[in-house]
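A.B. asks: Prediction below, plus the sequence it came from.
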Amino acid sequence: MKLRVAVVTACLAIAPFARAEEAPEPAVAPPPDFMRNKRRMTDADIEDKQENGYFTGLPLINSDPDTGVGFGARVLYFDNGPRDSSMFAYTPYRHRLYGQAFFTTNGFQFHTLDYDAPYFQDLPIRLRASLIYERNIAANYFGTGERSLDRFSFPGDPGRFSRLDDYSDALRRIQPDGTAFTRYNQYILQRPAAVFTLERDFFGGVVRGLVGATISYVDIEHWTGRAVKADDAASGATGLEAPQAQTRLHTDCLAGRVVGCDGGFNNSLKLGIAYDTRDFEPDPNSGVFVELTGELSGKPTGSAYDWARLTFSPRVYYSPFPKLTDLVLAARVVASVQSADIPFFSMNGYSFADYNRFGLGGLRTLRGFKQDRFVGRFGTLLNLEARWTFYEFDVRLKRRQHFALMLAPFLDVGRVFDSIDDFEFRRFRNGQGAGFRIAWNQATIIVLDYGVSREGSTLYVNFNHPF
């Protein structure tokens, strides 16, 4: 821009009566007063940012021994608005809509339609809305509280297992009574849900208050007695069918150890406040984001359960050498407290201002461990990442598509407690690894993370940075 103006100015000085071929672009108006303290994107990010509307998306392919081979797709539509808009340099986008459909050969489904509009209608408000349908035939349940920190065990074997692969092989062995424990740590979950959130900016855009609601119905089925795949250790035959022995969840439900065994409506109200100085929300270079979010569920919300949850989470992003390389050091701390009557299928949740995350275990919390490996009323989590963008390029199709390639080594540390009084620095679980990520037109982050833990390793393929 400066070079263009300089060239035009020089030409006019040499030939004052000549007609300039290209006039300077009009100056962009300052942002509205309700955004006066909002962090501006870096000049490089503004230059690379797409103007107006565009699509991104990828096919989804997955293979899992529990759920089968999966196929689907996610298509995203972004509208960034015109480049001369006063909000262009301060917003990740003006509207974002995405739809996802995903099926597996064994019956797992996850479909969603999601809308997000920062500064809706040029007002200091943000609207989010999601429609979700999930049918998970292999939802994990390893127990609740500190007992979930123990090594793997099950009634069909007196030993304890440190590695998930060894444990899974032992579960599949046919027992003397003809049953198998193949799905001992799993249950069938069906959950349609609708989520709505309204946020409002204060203090020039760095503080946001939010109110939201979730309407969901949960259906729970046990694997106990159903036909499962099993192996015969005596003959060496594999892939046989056997009735499933009583699962861990079924045992805990019969013993009254957990709440929520009958499913039902689980509606909740969300309230929160956040302090945000990030320069670009989907892929920050610098800034902090501190949030305090609470959820309430009970008869006034139309829920079958009375529970409450409070989650506090600060995040920080720092670029130590902005003139030398595009390296971002990112860190997040999470602390969550839940009431005693929370149903087991919600106890794995962590409330955040944008969307809830599930764990501990899995891509969004503790990589290298199975999803929901550690679940308890009190949970803590630390995530550390170094995101290095080592190459950027454009692809000229119908319109320019910008891509940035990143490497992201990471360390995750966390654990759960039965009560706050039990807090100690022992028995924390850690996962580590590295990720390869692709930023497509900046706001679509494609994630391929490989996490390693004491129990095994996992490759994750998904969208958006974990935090």
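C.D. replies: Cool, got the structure. Numbers count the residues shown, from 1 in each chain.
A.B. asks: Would you map the helices across this protein?
C.D. replies: Secondary structure of the chain (DSSP state H): helices located at 2-14, 43-48, 164-171, 248-254.
A.B. asks: who touches the spatially most central residue of the chain in this structure?
C.D. replies: The centroid of the chain falls nearest to Arg364 when counting by C-alpha atoms, centre = their mean (4.7 Å). Neighbour list for Arg364: 357-358, 466-467 [criterion: C-beta atoms under 8 Å, 6 or more residues apart in numbering]. C-betas here are computed from N, CA, C, even on glycine.
A.B. asks: Repeat the analysis, applying 7 Å as the threshold.
C.D. replies: Arg364 makes contacts with 357-358, 466, as judged by C-beta atoms under 7 Å, 6 or more residues apart in numbering.
A.B. asks: Pull out the buried members of these.
C.D. replies: Listed as buried from the contacts of Arg364 are 357-358, 466; burial here means 16 or more other C-beta atoms under 10 Å.
A.B. asks: start to end distance for stretch 414-424?
C.D. replies: Taking C-alpha to C-alpha, to the nearest Å, stretch 414-424 runs 12 Å from one end to the other.
A.B. asks: my bad, should have said stretch 174-193
C.D. replies: 38 Å.
A.B. asks: residues of that stretch that come out buried?
C.D. replies: Those would be 174, 179-191, 193, for stretch 174-193 by 16+ other C-beta under 10 Å.
A.B. asks: Quick check: strands, which of those are part of them?
C.D. replies: Taking DSSP state E, the ones among the buried residues of stretch 174-193 that sit in strands are 186-191, 193.
A.B. asks: pLDDT (mean, whole number) over stretch 159-175?
C.D. replies: For stretch 159-175, mean pLDDT is 96.
A.B. asks: ditto for stretch 351-371
C.D. replies: On average, stretch 351-371 scores 94.
A.B. asks: Extract the C-alpha set from it and format it as PDB.
C.D. replies: What follows is stretch 351-371, C-alpha atoms only, in PDB (Å, rounded to 0.1, in the frame of the first residue of the first chain):
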ATOM      1  CA  SER A 351     -17.500 -25.500  30.100                       C
ATOM      2  CA  PHE A 352     -16.000 -22.900  27.800                       C
ATOM      3  CA  ALA A 353     -17.300 -19.700  26.400                       C
ATOM      4  CA  ASP A 354     -17.500 -20.900  22.800                       C
ATOM      5  CA  TYR A 355     -18.100 -24.700  23.000                       C
ATOM      6  CA  ASN A 356     -17.700 -27.400  25.600                       C
ATOM      7  CA  ARG A 357     -14.800 -29.800  25.400                       C
ATOM      8  CA  PHE A 358     -14.800 -33.400  26.500                       C
ATOM      9  CA  GLY A 359     -12.100 -35.400  28.300                       C
ATOM     10  CA  LEU A 360      -9.700 -35.800  30.000                       C
ATOM     11  CA  GLY A 361      -8.400 -37.800  27.100                       C
ATOM     12  CA  GLY A 362      -8.600 -37.100  23.400                       C
ATOM     13  CA  LEU A 363      -7.600 -34.300  21.000                       C
ATOM     14  CA  ARG A 364      -9.100 -31.300  22.900                       C
ATOM     15  CA  THR A 365      -7.700 -32.100  26.300                       C
ATOM     16  CA  LEU A 366      -5.100 -34.900  27.000                       C
ATOM     17  CA  ARG A 367      -3.700 -36.300  23.800                       C
ATOM     18  CA  GLY A 368      -2.300 -39.800  23.800                       C
ATOM     19  CA  PHE A 369      -5.100 -41.200  26.000                       C
ATOM     20  CA  LYS A 370      -8.400 -42.500  25.000                       C
ATOM     21  CA  GLN A 371     -11.300 -40.100  24.900                       C
END
